[in-house]
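In: sharing a sequence plus its predicted fold:
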Amino acid sequence: MFGFEDLPKFFFSFLIVLPLVAITHQLGHLIVAILFGGRVDFTIGRGKTIFKKGKFKIKSVYFLDSFCVYEGLKIDNRFTHAFVYAGGIIANLASILIMNGLVVYSAVEPSLFSYQFVYFSVYYIALSLLPIKFSETTSSDGRAIYDALRYGKIACNPD
């Protein structure tokens, strides 16, 4: 049962752990796009911009969302785009393996953070893989991967 004593855990999860998992996911897209020579805009949150440096922005409601938009891949084909769309999933999977390895080898003590970080990362992977079209211009990573590989269709935004 959820009670008042659970509120600190909730806010910790909602304001710290979940945004870190989302940022990890978006960094995966960013890194892969850059590896293929793309130009990337990276934004953390929604709302009013409170910090901007080049193509990196932090918005006032930082915990709500994060996203990256890329363009101009130097290696430009359906496989490279599919790999960019899969970059977030790959980053989340890598972060799970790293966190579990750190806990297994006692470099990090098992904690609420490590448990929730892995839990939310698995959640992100599962939801990202669902092939869902959200609107005419946005799809899940799974749908974007499918469309890129099957039809050569390139989404304007991986998330």
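Out: Ah, there it is. Residues are numbered from 1 along each chain as shown.
In: from here on, contacts and neighbour counts on C-alpha atoms
Out: Will do.
In: remind me which residues of this protein are low pLDDT?
Out: 156-159 (pLDDT under 70).
In: following the one helix or strand Met99 maps to, which helix or strand comes up?
Out: In the assignment (DSSP states H and E), Met99 maps to helix 78-104. Sequence order places helix 112-129 as the next helix or strand after helix 78-104, per DSSP H and E.
In: report the buried residues of that following helix.
Out: Within helix 112-129, the residues that count as buried by 16 or more other CA atoms under 10 Å are 114-118, 120-122, 124-125, 128-129.
In: Phe79: which of those residues is nearest?
Out: Phe79 lies nearest to Leu129 out of those, by CA to CA, at 16.6 Å.
In: mind checking the SS state of the residue lying closest to that closest one once chain neighbours are set aside?
Out: Using CA to CA, 6 or more residues apart in numbering and skipping residues adjacent in sequence, the residue nearest Leu129 is Gly142, 4.2 Å away. At Gly142 the chain is in helix, as set by DSSP: H, G, I helix; E, B strand; the rest coil.
In: what number of residues lie near Gly142?
Out: The number of residues packed near Gly142 is 24, by other CA atoms under 10 Å.
In: ok, it touching Ala126?
Out: No: if you go by CA atoms under 8 Å, Gly142 and Ala126 don't touch, sitting 9.5 Å apart.
In: let me know the secondary structure of the most centrally placed residue in the chain.
Out: Taking CA atoms, centre = their mean, the centroid of the chain lies closest to His25, which sits 2.0 Å from it. Under three-state DSSP, His25 falls in the helix class.
In: cool, Ser66 as well?
Out: What three-state DSSP gives for Ser66 is strand.
In: just give the closest residue to it, not the sequence neighbours.
Out: Ile44 (4.2 Å).
In: same check, this time on Val40
Out: In space, and not counting its chain neighbours, Val40 is closest to Tyr70: 4.3 Å by CA to CA, 6+ apart.
In: and that neighbour, which of the three is it?
Out: Per three-state DSSP, the local secondary structure of Tyr70 is strand.
In: start at 445 instead
Out: Let's use 445 as the start, then, which means that last one is Tyr514.
In: and it, how far from Asp585?
Out: 14 Å (CA to CA, to the nearest Å).
In: so these two - more neighbours on which side?
Out: The neighbour count for Tyr514 versus Asp585, taken as other CA under 10 Å, is higher for Asp585 (28 against 21).
In: no further questions, thank you.
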